[in-house]
Structure formats: C-alpha cells, structure tokens
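In: Below are the sequence and a predicted model; questions follow.
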Amino acid sequence: MNPTRLQILICGGTGCISSGCLDVETALVKSLENHGMTDEVTILKVGCFGFCEQGPIVKVYPDNTFYVRVEAKDMEEIVESHLLKGKPVERLLFKDPETSVRYTHHRDMPFYASQARLALMHCGVVDPEKITDYFGVDGYKALAVAVTEQKPKDVIDIVKDSGIRGRGGAGFPSGIKWEAAYNVQSDKKYVVCNADEGDPGAFMDRSILEGDPHAVIEAMAICAYAIGADEGVVYVRAEYPLAINRFKIACAQAREYGLLGKNIFGTDFNFDITIDLGAGAFVCGEETALLNSVEGQRGEPRIKPPFPAAVGLWGKPTIINNVETLVNIPQILLKGADWFKSFGAENNSGTKVFALAGKINNVGLVEVPMGITLRDVVYKIGGGIRGGKKFKAIQTGGPSGGCISEKGLDTQVTFENLQKAGSMMGSGGMIVMDETDCMVDIAKFYLEFTVEESCGKCTPCRVGNTRMYEILERITKGHGTEDDITELRNLGETIKATSLCGLGNSAPNPVLSTLDNFMDEYLAHVHEKRCPSGKCKDLVKYVIVPEKCIACTLCKRVCPVDCIIGERKVIHEIDQERCIKCGACVDKCPKDAIITE
Amino acid sequence: MKIKSREDLQALRDKYRDEVIMRLVSDNFETRTEINVGIGETGLKTGARDTLKTFFDEVNLAKLENVSVIAVDCIDRSNSPVVEIKIPGKEPVIHNKVDSAKAKALVAALKTEVQ
Ligand SMILES: Cc1cc2nc3c(=O)[nH]c(=O)nc-3n(C[C@H](O)[C@H](O)[C@H](O)COP(=O)(O)O)c2cc1C
Ligand code: SF4
Ligand code: SF4
Ligand code: SF4
C-alpha cells in the first residue's frame, strides 16, 4: 500500500469511545467522500493520547495538529478548511484554561511538555490492530535479535543493567527476578502478565493493551526466552473488553507471522500465550492470589516465600510482570540499558505512567521521568487546582496509598521517596484534593474500599481494618474521642506489620498518612465536633447570622421540620436540636444570612 | 507468511516503514525538515495540488525519512504556488512558482543537503 499524503488519527481508547469518537470517524469518512479526498487520507484508530478529558482527540499528520473535543459536526470544517486548503481550524485547538493560549502541537502544551513517553511510546502512533504498523517501528526486532544472537543470560544482563523495577507496585528489580527464574532448573516455566489493574482510578495497563498490544506480546516472548519458558498467560480483568479484543487480534496476527508458536525465527524457541479473564477482585492483582485464580482456586494470596519465580503457576517457576513493566522491555533491548538509564533518577531508572485525577485542571494519563517532583505533576502537567482553589493533598498509590500534603510537594517521585512520605508508588494512581476535601472523610472512603476487598484470610486485615473503619465512622459523626485517634494509630501499625499480603499491609496508609499530615482536622472533629471543610454532614451546623437576617420568614416556610423560630420583624433562629441539616433554608435566604459552621 | 529469520523481519519492516514514518517524525518537529506548500484558494487555482503531490511522491521515493511535506494556507498569492523549505538550524527558504518539474529539482537538491 502506498502511503497517503495525510494521516488522521482518531483516539480510540475506551475513554474516547465513550465520548463519541465512532461518530467522528463516520463523519470524517463522509466529508472526505464529498470532497473527493478519500484517496489522499489514511484514517487510523489508535490508542489513548492520555488527555482524556479533552477527547475525542483528532490528530492530523504530517502537520502534527492536535484537535480536541472534536464532534462529528466539526469534521466537515476540518476537511474543507484544513485538509483541502491547508488552514487549520483554530477553534478546535486546545486552549489553556489559565492563559487562554491555543496550541497547535501537542508537544508544546504544558500537559505534554514535561512528559517523557517510553512506555506509551507507540500509544497514539501505531494502529494497534495492524501488526504491520508495529513492524514499521522496528517491532519484534528486539525479540529477533535476542533469540537469534543473544544467550538468555545476555538478555537478563541487559534488563538487570537497565535497572528497571516492577511497575505493578512493589518496584522489585525485574532483571534480578528473571535471573532467579532462569537459575531454577525445571521442565516447565511460565510467564504471566499482570493486567488485573485493580485500582479503580488507574487505566495505564488498559491503555497499553489497547494502544500497543504487540509490544506486550514481544516482551512476554523475550522474557520467556530469557528464563526458559514456553507458555504465557495474560491475566486481564473481564471489564476491559476492548483491551481483550485488541490483544486477541494481536496474538492471532503474531501467530500468523510465526512470532508466537513453534520455532520462532527459525530457532528451537517455542512460545504461545493464553488469556485468562479475572473477575475483578482487587486482591487478585496480588501475584500469588492471581496464580490461585488462574489455577481455578479462590483468589487468596499465598504465603511468600517461596516466591513465584521459584514456585509459581502450577508449582512451576513463573515470572509475573506488570503490563507497564513489560512494555518497556523491547525498547531496552533495542536501545540499550544506558538509554533507559538516561531517564529517571538514581536507582529509579525510566519513567512511570500515572492516572492523574481529582481537583486539577488537566486530568488524564501522563508518563513522567522518575524523580519529577509532585509539584511539577500537579502544577505543570496538571495545570494547577481547578477553580482557583487551594491545594490540600495528593494521594498516590491507589486505594491504599497515602495522602501527601503541601509540605511534601517537593518530593521527587521514586519508589523510596513515596514510601518515606507515608505513601507508595502502587499502580500509579494520583488523585489531587483541594481545600474543600475533608481528610478524615477521604481516609474513610479509601478504607471502605479496602475493607470491602479484603479476602478475609488473615485476622489483622479482616478484623483490624474493619475496626479502623468503625472508628473513622464515629469520628466523622461527631462521637470520636482522643483515645480513638491513638487507637487508630496503634491498629494501623499492627495491621501493617502482621497482614499476610500487600493489601492488608498497605490498607492503613490513607489513615496513617492523614494522621501524620492532617492531625488538626482529626482534632477539630474530635474536640470541637467540627468538620473544617464542611464535608461531614453530621458535624455541620446551620446558623442564622442575626446581623444579616431581615426577618422575611422565607427560610421558616421552607424548613421541612419546622425548626426555624421567628416571625416578621423578629430575627430568626434555628433550633439546633431539631435541625436535620437538609440545607433547604440556605438556598432560600435572600440575604445569605444562613451559614454553616 | 511465517517469519523465519531476522532478514524476513527486516524485509517486512522496510515494506511497512513508509506507513508509520510520517507519525514517527512528525513528533520530532524540531529536527525534521519541512516542505510547506501553499495550497489555499489561490494555490488550488494555480496547480499547487500537483506540486504538493510531486513533493510527497518524490520525498517518499527518495526515502527521505526526516522530511515532512505539509500543505499550508497560501504564503504569497502573486507567486503561487509558493513553497517554503525549512531545514532545522537554517533560515527558511521561499521558492516561487513551483511546478512539478521544479519540485522534483528541489527534492533532488534537498537529498544532498539533509542526508
Ligand atoms: C492487593 C494487591 C493488588 C495488586 N494489584 C496489582 C495489579 O492490579 N496489577 C499489577 O501489575 N500488580 C498488582 N500488584 C502487585 C503484584 O503482586 C506484583 O508485585 C506485580 O504484578 C509484579 O510485577 P512487576 O514486578 O512487573 O511490578 C498488587 C499487589 C497487591 C498486594
Ligand atoms: S492481608 Fe487481607 S487481603 Fe491479604 S491475605 Fe490477609 S486478609 Fe487477605
Ligand atoms: S437546614 Fe433544613 S432542617 Fe435545618 S433549619 Fe434549615 S431547613 Fe430547617
Ligand atoms: S430567609 Fe434569611 S433573612 Fe429571611 S428570615 Fe430567614 S435568615 Fe432571615
């Protein structure tokens, strides 16, 4: 096929499909026909560009024009003005909400400028459903070189030298793990790709599977070659239909070209992949629970050691790596360990993908070099706090990560630093909170998730976390005591020390970190029975400011429980005993005389 | 078709490189060479689309991977088709009344300059 003068990429990730990119494509096809330009343009549906909030995104090559929030009705103008006459459609370019500057190239946009795309290198560049696109970007070359020219030990040495550490959360050096599996003698070994992605806010693994599935296949094959495995399993959550489908298509194509199957590249290396659908329990992302689940047993963690690298799937040596870890591998082999090490920080080479969310201007999927400060993530990439509000905290690491306050904003993002700050890397969730968020309530919210997801196998996690949740419930209802705060800390520390798996070990993080960083908020709840941000309903008090009240009786008439005392010419007052805190009176008052405190 | 060797893979890579190369180099817009062809209203009347096509085909034929041929609005109406060639680190050069023959010559000249 001859290349066309223009290529148009339409973001086809799960996020954009839900915001209408399919209609956009239909409209584009039609407009091109109308202008007789069908032959001049290739339309591609690619993986996520990351800037999901601005989707659907349409990118025009070779101009490199980046259109945002494109609707089907915009396509005619894009075709007529831009494609036919060379004049980009200004109004569809991204406009910075703070500076009102419009950007033509995505690389200039603050959202992208501080990013470094390694893991997401091909997302939004290759068509994930075409293996030929992947060939065009040197796809499968790393595997070819490995199996035809390198010894397994050579491959492991490069991975070790690159310093890459697991992106699934624990940060264990991948090369050392591979070496452990390589060193075990066994007739059978497995490679497992962990695509469970249990963190509700994270979607990097999904985006990689949707945007660059062949790189994951290639990486698994490389790993298999390095450790001496011939079977791979991808464990992916069933709620990811598009990712599963694209991955299946990719596997079928790889088989067709002999890149999966027997005698790969004409050598005696054999490898193939099956897909296993996870039911979506958070704990099943933990590697040993995952193995149990694949074997058809209950998804409960196993006691470690032995580690899966020695005794894994069906009792055989098994390497389990996260999707994002794996997707880096082919590039490391192609470009070398030093190239990879040129990104990131000491002992934390490379990049990490984060799902940025919460009260910031730019939300989406971002990939940054390790070592970037949280401040840069929040203000440079995230564009600062939405609505001009004040920053309060950033929560990293998923549901069991910790909340880092203003004074921790200059923390450089590395596995160790986040841990020191009372949080963790986790799967790469990053949620920003502003001054209107109550940190006690936030801690309760996260704990509720982990309590729900505990598998119940061990007591500290099952009982202890529930106890902590009950205490938080009491505090937010205004019945907490100072002893409760002490108890929270004691329980939290015990649970961390005695739980079997990472879920229990980390579940108290949101509570412990908020105790460390936002003790004043806990004390206000406990001593003054007051919620400083007004989030805890039970602690809110509605009062009428006498100086402002004009005795119009409007509030009195709307109160459903009739607890406002007053009449014309008599300043009104709320009977606190009977008030049910519905807030109805506030909206009615013409003088804003009713306030919460 | 089964890939049996590194050479087989390399052949496929070369065959399909053309399709992705545009997306790869477009992101390196500081380092790529740009050929900007004015094809606005005037350009359309003066045959700029043929010029554009010639540039595109010639660049592909010459396998100039780091050169992008871009259609832009009219640059100078009285000398259309006008083409601007921007080589990184050099002053952009404007060429007037570029027809297909001139386009071919320009690409030939560029070949020696950017490789
Ligand atoms: C409760 C819990 C949930 C986890 N969920 C995931 C997950 O969804 N995806 C993942 O890759 N790793 C998850 N992990 C980490 C895995 O146990 C394991 O460390 C990881 O898959 C190893 O791959 P890596 O070295 O490439 O990071 C989870 C761990 C715990 C304790
Ligand atoms: S720590 Fe919690 S989730 Fe992990 S094994 Fe124990 S009970 Fe199950
Ligand atoms: S908050 Fe509701 S219940 Fe309380 S005084 Fe106002 S209207 Fe009445
Ligand atoms: S609505 Fe406001 S101004 Fe009127 S009586 Fe109530 S508190 Fe006073």
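Out: That came through fine. Residues are numbered from 1 along each chain as shown, chains lettered A, B, ... in the order given. Ligands and ions are numbered 1, 2, ... in the order given.

In: Does anything pack onto the lowest-mean-pLDDT helix or strand in chain B? Which helices or strands?
Out: Averaged element by element with mean pLDDT, DSSP states H and E, chain B has its least confident helix or strand at helix B:41-45 (a mean of 84). Judged by 3 or more C-beta pairs under 8 Å, 6 or more residues apart in numbering or on different chains; DSSP states H and E, helix B:41-45 has no packing partners among the helices and strands. The C-beta positions use only the backbone N, C-alpha and C, and glycine is treated the same way.

In: For the following helix or strand past it, buried residues please.
Out: Later in the chain than helix B:41-45, the nearest helix or strand by DSSP states H and E is helix B:48-61. Within helix B:48-61, the residues that count as buried by 16 or more other C-beta atoms under 10 Å in any protein chain shown are B:Ala48, B:Arg49, B:Thr51, B:Leu52, B:Lys53, B:Thr54, B:Phe55, B:Phe56, B:Asp57, B:Glu58, B:Val59, B:Asn60.

In: same deal with stretch B:22-31?
Out: Within stretch B:22-31, the residues that count as buried by 16+ other C-beta under 10 Å are B:Met22, B:Arg23, B:Leu24, B:Val25, B:Ser26, B:Asp27, B:Phe29.

In: Would you tell me whether the strand or helix carrying the third one gets close to chain A?
Out: By that I understand B:Leu24. Assigning secondary structure by DSSP H and E places B:Leu24 in helix B:6-26. Yes - using C-beta under 8 Å from any C-beta of the partner chain, helix B:6-26 reaches chain A at B:6, B:9-10, B:12-13, B:15-26.

In: What subset of those residues is buried?
Out: Among the residues of helix B:6-26 next to chain A, those scoring as buried are B:6, B:9, B:12-13, B:16-17, B:19-26 (criterion: 16+ other C-beta under 10 Å).

In: per-residue pLDDT, the closest residue to ligand 2 within the stretch 351-500 of chain A?
Out: Closest to ligand 2 within the stretch 351-500 of chain A is A:Cys461: 2.9 Å, counting by C-beta to the nearest ligand atom. Here, the pLDDT recorded for A:Cys461 equals 96.

In: Please give me every residue in contact with it.
Out: Taking C-beta atoms under 8 Å, 6 or more residues apart in numbering or on different chains, we find A:Cys461 in contact with A:Ser454, A:Ile495, A:Ser499, A:Leu500, A:Cys501, A:Leu503, A:Gly504, A:Ala507.

In: repeat for A:Ala72
Out: Taking C-beta under 8 Å, 6+ apart, we find A:Ala72 in contact with A:Gly20, A:Asp23, A:Val24, A:Thr26, A:Ala27.

In: Which among those residues count as buried?
Out: A:Val24, A:Ala27.

In: ok, so of the contacts of A:Ala72, who is nearest ligand 4?
Out: Ligand 4 has its nearest neighbour among the contacts of A:Ala72 in A:Gly20, at 44.2 Å by C-beta to the nearest ligand atom.

In: per-residue pLDDT, the residue positioned nearest the centre of chain B?
Out: Centroid-nearest residue in chain B: B:Val69, 3.1 Å away (criterion: C-alpha atoms, centre = their mean). The model reports B:Val69 with a pLDDT of 93.

In: isn't there a strand covering it?
Out: Yes - secondary structure of B:Val69 (DSSP: H, G, I helix; E, B strand; the rest coil): part of a strand.

In: For it, name its beta-bridge partners.
Out: Beta bridges link B:Val69 to B:Ile35, judged by DSSP bridges.

In: any idea how far ligand 4 is from the residue of chain B found nearest ligand 3?
Out: Ligand 3 sits closest to B:Asp27 of chain B, with a gap of 55.6 Å, by C-beta to the nearest ligand atom. With distances taken as C-beta to the nearest ligand atom, to the nearest Å, B:Asp27 is found 59 Å from ligand 4.

In: Need the pLDDT of that residue.
Out: B:Asp27 carries a pLDDT value of 72.

In: where does chain B dip in pLDDT?
Out: By pLDDT under 70, the low-scoring segments of chain B are B:115.

In: 90 instead, please
Out: Within chain B, the ranges that satisfy pLDDT under 90 run B:1, B:18-32, B:39-47, B:60-66, B:73-81, B:88-90, B:111-115.

In: From start to finish, how long is stretch A:187-202 in a straight line?
Out: Length of stretch A:187-202, first residue to last, C-alpha to C-alpha, to the nearest Å: 37 Å.

In: quick one on the thing from earlier: narrow the contacts of A:Ala72 to those in helices?
Out: The members of the contacts of A:Ala72 that map onto helices under DSSP state H are A:Asp23, A:Val24, A:Thr26, A:Ala27.

In: which residues touch the last one?
Out: Spelled out, it's A:Ala27. Contacts of A:Ala27 (C-beta under 8 Å, 6+ apart): A:Ala72, A:Lys73, A:Met75, A:Glu76.

In: I figured B:Val25 hits B:Ser68, correct?
Out: Yes - between B:Val25 and B:Ser68 there is a contact under C-beta atoms under 8 Å: 6.3 Å.

In: Can you check which residues contact both of the two?
Out: Among the neighbours of B:Val25, those also in contact with B:Ser68 (C-beta under 8 Å, 6+ apart) are A:Pro62, B:Arg32.

In: okay, the most centrally placed residue in chain A: pLDDT?
Out: Nearest residue to the geometric centre of chain A (C-alpha atoms, centre = their mean): A:Ala202, 2.4 Å. We have a pLDDT of 92 for A:Ala202.
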